[in-house]
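Visitor: A predicted structure for the sequence below; I have some questions about it.
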Amino acid sequence: MMSMGNDGMARDKNLFCRLALIAALAVSVSFIPYAAMRFAGLYINLTGSMARGIWKAYEIPIGTPLKGEAVIVKRGGLPSDRRLLKCRYLLKRVAAIEGDIVDYNAANERVCINGTPLPNSNIFPRGRNGITLPHPEYPYAVPKDCVYLSSEHIYGYDSRYFGPAPLCSVIAMARPVWCR
């Protein structure tokens, strides 16, 4: 009998710890200004564009971020409709850099980078809120001092819709610390 009570207490304690972590994340996102998180070098991602969880922000080395790197992007530097992009900061992956050719292949319904299809890159005419989604004219070469950003989620809001992002809007590189 005693061990069953202890098992129940352990489950309750485990549940309490999980709820406390979720509450701490919610409070962090709601009340801690970005400057404080940036000072700590942390970024909390709750969107589906990339893995949800805690990411560590790193200074960008001199030069363009490398393809495949996750980056934190400031919304203000992006050519985007404020109705479609509500977050101040985005977590995206660099899929193409200066000079890479970005095209849309209608046959496989994917964006292609230098001829290679990009996963989860279908282009949708409207967002979930019914707003018409813009998109650049394809094909194009990624301009100087710009990067093409992608999402891991098919419905992510990324360069498929706002086009290449200026490097000045990329404020940090990111690595996952704790993600689910």
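Guide: Sure, I can see it. What you see is a predicted model; the values in this text were computed from it and never measured.
Visitor: Quick one: residues in contact with stretch 57-75.
Guide: Stretch 57-75 has contacts (CB atoms under 8 Å, 6 or more residues apart in numbering) with 38, 41-43, 50, 55, 85, 87-98, 147, 149, 165, 167, 169-176. All C-beta spots, glycine's among them, are computed from the backbone N, C-alpha and C.
Visitor: Could I have the PyMOL command that selects the buried members from those residues?
Guide: Selection of buried members from the contacts of stretch 57-75 for PyMOL, criterion 16 or more other CB atoms under 10 Å:
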select buried, resi 42+43+50+55+89+90+91+92+93+94+95+96+97+147+149+165+167+169+170+171+172+173+174+176
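Visitor: Surely residue 133 touches residue 127?
Guide: Yes. Between residue 133 and residue 127 there is a contact at 5.3 Å, judged by CB atoms under 8 Å.
Visitor: pLDDT weak spots in this structure?
Guide: Along the chain, segments meeting pLDDT under 70 span 1-9, 19, 22-40, 63-64, 79-83, 85-86.
Visitor: Can you identify each of the strands in it by residue range?
Guide: Secondary structure of the chain (DSSP state E): strands located at 42-45, 53-58, 70-74, 89-96, 101-105, 110-113, 116-117, 140-141, 146-150, 165-166, 170-179.
Visitor: Please name whichever of the ones you listed is nearest to residue 10.
Guide: strand 170-179 (22.0 Å; CB to CB).
Visitor: by contact count, what packs against the closest one?
Guide: For strand 170-179, the packing partners by 3 or more CB pairs under 8 Å, 6 or more residues apart in numbering; DSSP states H and E come out as strand 42-45, strand 53-58, strand 70-74.
Visitor: contacts for it?
Guide: Contact partners of strand 170-179, identified using CB under 8 Å, 6+ apart, comprise 38, 42-43, 45, 51-60, 65, 69-74, 89, 91, 147.
Visitor: With residue 111 as the reference, measure out to the residue nearest to residue 104 when sequence neighbours are not counted.
Guide: Counting by CB to CB, 6 or more residues apart in numbering, the nearest residue to residue 104 once its immediate chain neighbours are dropped is residue 138, at 4.3 Å. Note on residue 138: its distance to residue 111, by CB to CB, to the nearest Å, is 8 Å.
Visitor: what do residue 133 and residue 127 both touch?
Guide: Counting by CB under 8 Å, 6+ apart, the residues touching both residue 133 and residue 127 are residue 84.
Visitor: Since that was my last question, I'll sign off now.
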